[in-house]
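[1] Need coordinates for the below:
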Amino acid sequence: MKIEDQEENITNCKSQSGSKEKKTNMLVAAFIIFIFPIISILVGAFIGGYLGTFIDISTKISEIIGGILGFALSAVIIKLFDKSAKADEKIEKIHWDDL
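    Predicted coordinates for the structure are as follows:
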């Protein structure tokens, strides 16, 4: 790829950045996919254990149920995030042959 083509692609990307299309940062997407489920399982287990003392059932069972519900909630949120996130089709793809 020539330098002129690269400069043209950069200017096209800069001019398209003002569009109202929703683009997702890769760091945010990685956090949502990998870290968020772990956090939601821990929070669900904590809330389940806390509520288990009030309901008067075994704390371990309520923690397990809370963790499962936290994981299910995170799966639903990830699915909604996946539908709302949109990959930019106009950006130039980098292939291994180009390297």
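[2] longest helix in this protein, by residue count?
    helix 59-84 (DSSP state H).
[3] Show me what that one is packed up against.
    helix 36-55 (3 or more CB pairs under 8 Å, 6 or more residues apart in numbering; DSSP states H and E). For the C-beta atoms, the positions are set from N, CA and C on the backbone; glycine is no exception.
[4] List the contacts of the helix it packs on.
    58-59, 61-71, 73-75, 77-78 (CB atoms under 8 Å, 6 or more residues apart in numbering).
[5] Taking those residues, please make a PyMOL selection of just the buried ones.
    Typed into PyMOL, the line below selects the buried ones among the contacts of helix 36-55, using 16 or more other CB atoms under 10 Å:
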select buried, resi 62+63+64+65+66+67+69+70+71+74+78
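[6] Endpoint to endpoint, stretch 48-65 covers what distance?
    7 Å (CA to CA, to the nearest Å).
[7] Averaged pLDDT, it. What do you get?
    Stretch 48-65 shows a mean pLDDT of 94.
[8] swap in stretch 85-97?
    pLDDT averaged over stretch 85-97 gives 68.
[9] now do stretch 30-41
    95.
[10] What residues sit buried inside that stretch?
    Ile32, Pro37, Ser40, Ile41.
[11] Let me see the contact set for Lys79.
    Contacts for Lys79 (CB under 8 Å, 6+ apart) come out as none.
[12] I'd like the buried residues of stretch 30-41 laid out as JSON lines, including distance to Trp96.
    Formatted as JSON lines, these follow (distance: CB to CB, whole Å):
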{"residue": "Ile32", "distance to Trp96": "27"}
{"residue": "Pro37", "distance to Trp96": "31"}
{"residue": "Ser40", "distance to Trp96": "36"}
{"residue": "Ile41", "distance to Trp96": "36"}
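[13] which one among the residues you listed gets closest to Asp97?
    Ile32 (31.4 Å; CB to CB).
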